[in-house]
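Asker: This is a predicted model, with the sequence first.
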Amino acid sequence: MFGIPGKQAVTITDKAAAQIAKLMTKDGHQGLRIGVKKGGCAGMEYTMDYVTEVDPLDEVVEQDGARVMIAPMAQMFLFGTEIDYEVSLLESGFKFRNPNVVDACGCGESIKFDEKIAST
């Protein structure tokens with residue numbers, strides 16, 4: 001596990017926890033796995049996938065009936081991130097407030113991490 005012992009890798013707002021818990025009730029999902037992958041105009045993108053089985057290497061964060069698993073290779077990129085769920089007139093979705101991001105594209109879908117983190 002990456003991070004500080006006893007401290008969760010990510011925090012989940014009440015709105016995000018409610019939405020994740022709602023999604024978990026569909027089709028028997030065990031939660032959502034969050035990761036990062038290369039792509040997008042800034043270099044990296046977040047990924048979110050339904051999970052039917054928990055990987056023993058995942059970091060598991062549980063709150064108010066919501067379960068988020070963080071893929072092993074993403075833990076160092078996501079440490080300290082707050083996951084929120086926002087609803088507006090034009091869109092709704094999960095938002096990541098990540099202190100490790102140094103740049104993002106205009107649409108907010110693609111991100112760039114500090115070179116020190118990306119090279120570890």
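Answerer: Noted; the coordinates are in hand.
Asker: Could you check stretch 44-56 and say which residues are buried?
Answerer: For stretch 44-56, burial by neighbour count (16 or more other C-beta atoms under 10 Å) applies to Met44, Glu45, Tyr46, Met48, Val51. All C-beta atoms are positioned from the backbone trio N, CA, C, and that covers glycine.
Asker: cool, stretch 36-45 as well?
Answerer: For stretch 36-45, by 16+ other C-beta under 10 Å, it's Val36, Gly40, Ala42, Met44, Glu45.
Asker: Show me what the last one is bridged to.
Answerer: Spelled out, it's Glu45. Glu45 has these beta-bridge partners by DSSP bridges: Lys37, Ser110.
Asker: Help me confirm that it comes into contact with Ile34.
Answerer: No. Between Glu45 and Ile34 there is no contact under C-beta atoms under 8 Å: 11.5 Å.
Asker: List the neighbours of stretch 43-53 that are in contact with it.
Answerer: For stretch 43-53, the surrounding residues in contact (C-beta atoms under 8 Å, 6 or more residues apart in numbering) are 23, 27-39, 67, 69, 71, 77, 94, 96, 109-113, 118.
Asker: so what pLDDT did Ser110 get?
Answerer: Ser110 carries a pLDDT score of 66 in this model.
Asker: quick revisit: export the buried residues of stretch 44-56 to JSON lines and tack on pLDDT and distance to Ile83?
Answerer: Shown next, in JSON lines, are these (pLDDT from 0 to 100; distance: C-beta to C-beta, whole Å):
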{"residue": "Met44", "pLDDT": "80", "distance to Ile83": "16"}
{"residue": "Glu45", "pLDDT": "85", "distance to Ile83": "15"}
{"residue": "Tyr46", "pLDDT": "84", "distance to Ile83": "10"}
{"residue": "Met48", "pLDDT": "90", "distance to Ile83": "10"}
{"residue": "Val51", "pLDDT": "89", "distance to Ile83": "15"}
